[in-house]
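K.L.:
fold the following, please.
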Amino acid sequence: MMQSNRDSAMAAVKDFEAVLKDRIASHSGELLQTYGDGSLSVFDSASAAVSCAKELQEEVRGKVPQRIGIH
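P.N.:
Numbering: from 1, shown residues only. Sure thing, here's the model as predicted:
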């Protein structure tokens with residue numbers, strides 16, 4: 001995205017971060033760190049993490065490429 005249109009890519013990243021923070025908070029999670037296009041969050045339960053990931057994917061589908069890992 002950065003190679004084709006830097007301004008558009010930066011706007012998409014900022015929008016994604018806002019959605020990310022909102023979704024994490026709505027599932028009682030904590031955003032520990034962001035780095036580049038990645039982040040590290042913790043949740044009290046696996047089901048909260050999965051629900052957050054699912055909502056996040058649904059909301060940003062088609063706007064930014066994404067992969068979510070749960071460990």
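
K.L.:
so which elements touch the helix or strand hosting residue 11?
P.N.:
When elements are defined using DSSP states H and E, residue 11 is found to belong to helix 6-26. The helices and strands touching helix 6-26, judged by 3 or more CB pairs under 8 Å, 6 or more residues apart in numbering; DSSP states H and E, are strand 30-35, helix 46-60. Where you see a C-beta, it was placed from the backbone N, CA and C, and this is true even at glycine.

K.L.:
partner strands of the first one, parallel or antiparallel?
P.N.:
I take that to be strand 30-35. Partner strands and pairing direction for strand 30-35 (DSSP bridges) are strand 38-42 (antiparallel).

K.L.:
quick one: contacts of the strand it pairs with?
P.N.:
If you take CB atoms under 8 Å, 6 or more residues apart in numbering as the criterion, strand 38-42 is touched by 20, 24, 29-34, 49, 52.

K.L.:
low pLDDT regions in the protein?
P.N.:
Applying pLDDT under 70 to the predicted model, the residue ranges of the chain that meet it are 1-3, 5.

K.L.:
can we see that at 90?
P.N.:
Along the chain, the parts satisfying pLDDT under 90 run over 1-17, 34-38, 60-71.

K.L.:
center of it, which residue is that?
P.N.:
Nearest to the centroid of the C-alpha atoms of the chain, with distances taken as CA atoms, centre = their mean, sits residue 20, at 3.9 Å.

K.L.:
circling back: just say which of the helices and strands packed on helix 6-26 is most tucked in.
P.N.:
Each of those was scored by mean neighbour count; the highest is helix 46-60, a mean of 15, by mean count of other CB atoms under 10 Å.

K.L.:
and that helix, what does it pack against?
P.N.:
When contacts are defined as 3+ CB pairs under 8 Å, 6+ apart, helix 46-60 sits against helix 6-26.

K.L.:
of all the helices and strands packed on helix 6-26, which one is nearest residue 14?
P.N.:
Put simply, out of the helices and strands packed on helix 6-26 the one that sits nearest residue 14 is strand 30-35, at 11.4 Å, with distance taken as CB to CB.
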